[in-house]
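Asks: below: sequence and its predicted model.
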Amino acid sequence: MLPKQIPPQLIFLGLFLAIVIIFIQIEVFSLVLSKLGLSPASASLLLIATFVGSALNLPVVKISSGFHYDEDNPLHQNLLRYKFKEGYTQIAINVGGALIPVLFSSYLILTSGIPIIITFLAVGIVSTISYLFSRPISNLGIGMPLFVAPVSAAFTAMVLSQEHAPALAYICGSLGVVIGADLLRIKDIKALNTPIASIGGAGTFDGIFMTGLIAVLLTF
């Protein structure tokens with residue numbers, strides 16, 4: 001039988017470990033972002049904006065699909081705050097998981113000094129890999145193994161431009177997933193029984209934002 005009351009020592013230990021993990025993540029992310037030319041203040045602002053934005057999904061467009069509302073499906077029940085329509089799927093973009101990484105990638109393209117041809121080539125390579133490894137998941141959306149995109153982005157960046165590897169890894173990792181695993185998979189979403197498909201909707205530390213950071217980390 002489970003104890004009726006959790007010992008205070010165990011609660012304290014759990015909170016302590018959670019705080020340690022959070023601080024480690026913040027330090028790692030700050031280190032990674034500093035490699036991209038951000039000051040500590042700018043890095044903190046980006047992390048906070050990403051964290052807050054991960055809870056926001058901006059509707060973009062509705063597409064015709066095979067969606068049929070199932071009252072017994074927990075996913076459909078949990079997403080009742082959205083206005084669904086039979087035969088359509090709402091395409092949205094997650095602010096923290098996709099919009100901010102895309103905007104930051106655009107900023108790096110303009111300021112990092114990477115030749116545009118190399119940037120296009122790197123994004124094209126990772127987009128192709130992301131498309132090949134991503135798969136439609138019924139009732140959910142498009143899924144892909146977590147480390148495929150960051151590893152391929154880091155390797156591509158180091159091969160194409162050692163000098164700009166961190167920035168190039170973030171750019172091609174973020175944009176490559178958006179293009180290859182999201183935009184090029186729109187046709188597959190139509191066949192899924194999902195009322196909403198959010199680009200980068202896995203959230204702050206599991207989506208496109210995390211892909212870019214891991215890719216940068218792998219270039220150290």
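Replies: Structure's in. What do you need? Numbers count the residues shown, from 1 in each chain.
Asks: L45 and N57, how far apart?
Replies: Distance, L45 to N57, by C-beta to C-beta, to the nearest Å: 22 Å. Quick note: C-beta positions are derived from backbone N, CA and C, even for glycine.
Asks: so for these two, which sits in the more crowded spot?
Replies: Counted by other C-beta atoms under 10 Å, L45 and N57 do not tie: N57 has more neighbours, with 24 against 12.
Asks: and the gap between the closest residue in space to the more buried one that isn't next to it in sequence and T128?
Replies: Excluding its sequence neighbours, the residue lying closest to N57 (C-beta to C-beta, 6 or more residues apart in numbering) is A92, at 4.1 Å. With the distance defined as C-beta to C-beta, A92 ends up 25 Å from T128.
Asks: run a quick check on T194 versus T89, I expect a contact.
Replies: Yes. Here T194 lies in contact with T89, judged by C-beta atoms under 8 Å, at a distance of 6.0 Å.
Asks: okay, and the common contacts of these two?
Replies: Any residue near both T194 and T89 by C-beta atoms under 8 Å, 6 or more residues apart in numbering counts here, and that gives 65, 67.
Asks: returning to what we had before: out of A92 and T128, which sits in the busier spot?
Replies: Using other C-beta under 10 Å, the more surrounded residue of A92 and T128 is A92, with 21 against 15.
Asks: give me the element the more buried one is part of.
Replies: Assessed by DSSP states H and E, A92 sits inside strand 88-94.
Asks: what comes into contact with that strand?
Replies: The contact list for strand 88-94, computed with C-beta under 8 Å, 6+ apart, reads 53-54, 56-65, 67, 82, 84, 99, 186, 189-190, 192, 194-203, 207.
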